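**Student:** Any chance you could fold what I've pasted below:
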Amino acid sequence: MESTATIFGMEAGTFLGKVVILVVAIAIATVVDRLVSHAVRKALDASKVPSASIFINVVRGFIWAFALLCVLEPVFGISPTAFVAALGVSSVVISFGLQDTVSNVIGGLALMGGRILEPGDRIRVSDLEGEVTDVTWRSTFVRSRVGDEEVIPNSVLMKSAFVKLTPCSACECELRIVVNPAADPATITADVERVVPQALGDHYVAEFGCPVRLVESTAMGTQCVVYLHVADGMSYSAARDLVFRGLSGMTWMACALPR
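**Tutor:** Okay, the predicted model is just below:
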């Protein structure tokens, strides 16, 4: 009587058959994943729905979950119905263990589906200000003006008050200065409009200019606010420093005030 080779307690032929089914299922799921992800991305780009990776990731999750259900019985000998039933029974335990993840997914879908937030928006959250680059199934990525990328959990963002900035306010910072009381406002404005573009160079946003506002008279002189509009790549503190250095030689200049 010939002995039959076994692998992991199964006949070699049976084991190889299961491996083939598993490999084919993974290959098909990979192809479907790529095709559907590409189609969803094109559909999002063509529609008014914000394009973010969270939608694609959710679709991919369904594809791989379906692929897993398809191979459960032929490969692992587990009934899909029994697996889903067992999953339902243990859903309470799973929900406690994954409550942060579920909260982040729901928060991300709410932010994007409700068009509350989308990639390209400029926002201010607490002390953070920057451009939303992506909303994933777990986090929202915000890139600051100097290139740093902040990762904010979607659930935290949903519970936080944030401001969506206009193009003008998204690049605006204030330089507070004190000028001599007898200084001519027209001269001050002319000098500021000449110095600011030179000081900021390519980082100067000419579209919004550099308005000058006379705020109040103090014991030191007349307080002014110069509204600088600075392109990404330069911090506001660096912009203030450059402009103040450029204005420091003006005869009407008294001093700069803390921000």
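**Student:** show me where the stretch 101-250 of the chain has strands.
**Tutor:** 122-125, 128-135, 139-143, 149-153, 162-164, 172-179, 212-217, 222-229 (DSSP state E, counting those that start in this stretch).
**Student:** Dump those strands to CSV, plus mean pLDDT, distance to residue 33 and mean neighbour count.
**Tutor:** Quick note: C-beta positions are derived from backbone N, CA and C, even for glycine. Shown next, in CSV, are those (pLDDT from 0 to 100; distance: least, CB to CB, whole Å; neighbours: other CB atoms under 10 Å):
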stretch, mean pLDDT, distance to residue 33, mean neighbour count
strand 122-125, 90, 31, 18
strand 128-135, 88, 19, 19
strand 139-143, 90, 22, 21
strand 149-153, 90, 25, 15
strand 162-164, 90, 33, 15
strand 172-179, 92, 43, 20
strand 212-217, 88, 56, 12
strand 222-229, 93, 44, 21
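**Student:** Nearest to residue 112, out of those strands?
**Tutor:** strand 128-135 (5.6 Å; CB to CB).
**Student:** Quick one: closest of the strands of the stretch 101-250 of the chain to residue 241.
**Tutor:** Among the strands of the stretch 101-250 of the chain, the nearest to residue 241 by CB to CB is strand 172-179 (9.5 Å).
**Student:** partners of that closest one in the sheet?
**Tutor:** Partners of strand 172-179 in the sheet, by DSSP bridges, are strand 222-229 (antiparallel), strand 253-256 (antiparallel).
**Student:** ok and it relative to strand 212-217, angle-wise?
**Tutor:** For strand 172-179 against strand 212-217, the angle by axes from the mean of the first three to the mean of the last three CA atoms, to 10 degrees is 50 degrees.
**Student:** which other residues reach strand 172-179?
**Tutor:** For strand 172-179, contacts defined as CB atoms under 8 Å, 6 or more residues apart in numbering pick out 188, 208, 215, 218, 220-230, 236, 239-240, 243-244, 247, 252-259.
**Student:** Poorly predicted segments of the chain, please.
**Tutor:** Along the chain, segments meeting pLDDT under 70 span 1-10, 12, 44-53, 83-98, 255-259.
**Student:** Now do residue 28 against residue 69, distance only.
**Tutor:** 13 Å (CB to CB, to the nearest Å).
**Student:** next one: residue 191
**Tutor:** Taking CB to CB, one finds residue 191 at 72 Å from residue 69.
**Student:** which of these two has more neighbours?
**Tutor:** Using other CB atoms under 10 Å as the criterion, residue 191 and residue 69 rank with residue 191 on top: 19 against 14.
**Student:** show me what contacts the more buried one?
**Tutor:** Residues near residue 191 by CB under 8 Å, 6+ apart: 247, 250, 252.
**Student:** What about the residues you listed, which one has the most neighbours?
**Tutor:** The most crowded member of those, judged by other CB under 10 Å, is residue 247 (21 neighbours).
**Student:** That one against residue 198, yeah?
**Tutor:** No - in this structure, residue 247 is not within contact of residue 198 by CB atoms under 8 Å, at 10.8 Å.
**Student:** And the helices in the chain?
**Tutor:** For the chain, the helices defined by DSSP state H cover 12-46, 53-76, 80-89, 91-97, 99-113, 154-159, 185-200, 236-247.
**Student:** Could you check the ones you listed and tell me which one is nearest residue 140?
**Tutor:** Residue 140 lies closest, by CB to CB, to one member of the helices of the chain: helix 154-159, at 5.3 Å.
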